Each structure stands twice: as C-alpha cells, then as structure tokens.
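> Here is the input, now give the coordinates:
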Amino acid sequence: MTTKLSTLSLRASYAAMVFASAPKAFAQDIFGEIPDIGGVEGGSEQAVRQGILDVLEVVLNFMALIAVIFIVIAGIRLVVSQGEEQEKDKAKKTILYVIIGLVVILIAQAIVSFIADVLLT
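Here you go, the predicted structure:
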C-alpha cells in the first residue's frame with residue numbers, strides 16, 4: 001500500500017513539475033493568447049515586497065487576535081472548571097502555551113517590521 005502511495009505521489013510530483021516548468025510560449029500555443037489579469041503594476045520589486053509585507057502583517061495580526069481569543073476561552077474554562085484539578089490544569093496549560101505562542105507572534109512581527117525597514121529604505 002505504501003509503495004503504491006509513494007509511487008503515485010512521485011508521479012504526481014513529476015507531472016506538477018513538468019507542467020510548472022512549461023514555457024509560456026508553449027502555453028500560448030495550446031490555450032491561445034494569455035489575458036492580462038492585473039496584479040502588481042509592472043512587476044516592480046518594491047511593489048512585490050510591499051505586497052508580501054502587507055500579507056505577512058495581516059496574517060500575524062490575525063494570529064495574535066486568535067491567540068487572545070484562546071486566552072479568553074481558556075480563562076472561561078478555568079472559571080467553569082468548578083475546582084476540578086484536571087480541568088484547571090488543562091486550562092492553565094492552554095493559557096501558558098498560548099502566551100508562549102503570542103510572544104513568538106510578537107517577535108515575528110518585530111522581525112518582519114525590522115526587515116521591512118531595511119528592505120524598503
């Protein structure tokens with residue numbers, strides 16, 4: 001079973017690489033003229049970098065929001081546990097791990113903003 005699965009995944013990977021490496025002219029022969037669908041103006045490096053930084057900022061802010069929501073949920077679980085040691089321990093561990101994750105997210109935001117200042121100036 002695993003050999004069939006590995007063979008299938010190897011073939012799928014090969015097919016994906018072949019299609020991804022097909023030249024643009026070959027695609028034009030098959031599908032006709034490629035329409036302009038917009039995107040980054042002129043493909044300038046500055047615009048691409050800014051777009052990537054904007055996406056990273058949105059993702060990191062969303063992750064921080066989710067972490068705060070998890071802290072609130074764990075706090076509610078701690079209050080609702082009614083003195084059950086196992087439930088209190090689960091809630092405390094959740095709060096600890098989410099705080100660690102939030103610190104990692106904040107450090108990632110600092111790194112992204114430092115790199116943005118270096119790259120965009």
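
> to the chain's geometric centre, what's the distance from stretch 57-75?
14 Å (CA atoms, centre = their mean, to the nearest Å).

> who's in contact with stretch 83-93?
74-75, 77-78, 81 (CB atoms under 8 Å, 6 or more residues apart in numbering). C-beta coordinates here come from the backbone N, C-alpha and C atoms, glycine included.

> Any chance of TSV for the residues you listed, columns pLDDT, secondary structure and neighbour count?
Putting these into TSV (pLDDT from 0 to 100; DSSP: H, G, I helix; E, B strand; the rest coil; neighbours: other CB atoms under 10 Å) gives the following:
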residue	pLDDT	secondary structure	neighbour count
Ala74	92	helix	20
Gly75	92	helix	13
Arg77	91	helix	16
Leu78	90	helix	16
Ser81	87	coil	16
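
> which of the residues you listed lies closest to Ile99?
Ala74 (9.8 Å; CB to CB).

> I figured the closest one hits Leu96, correct?
No. Under the criterion of CB atoms under 8 Å, Ala74 lies out of contact with Leu96, with a separation of 9.1 Å.

> ok so, going back, let's have the contacts of stretch 83-93 in JSON lines, adding distance to Gly51.
Putting those into JSON lines (distance: CB to CB, whole Å) gives the following:
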{"residue": "Ala74", "distance to Gly51": "35"}
{"residue": "Gly75", "distance to Gly51": "37"}
{"residue": "Arg77", "distance to Gly51": "39"}
{"residue": "Leu78", "distance to Gly51": "41"}
{"residue": "Ser81", "distance to Gly51": "45"}
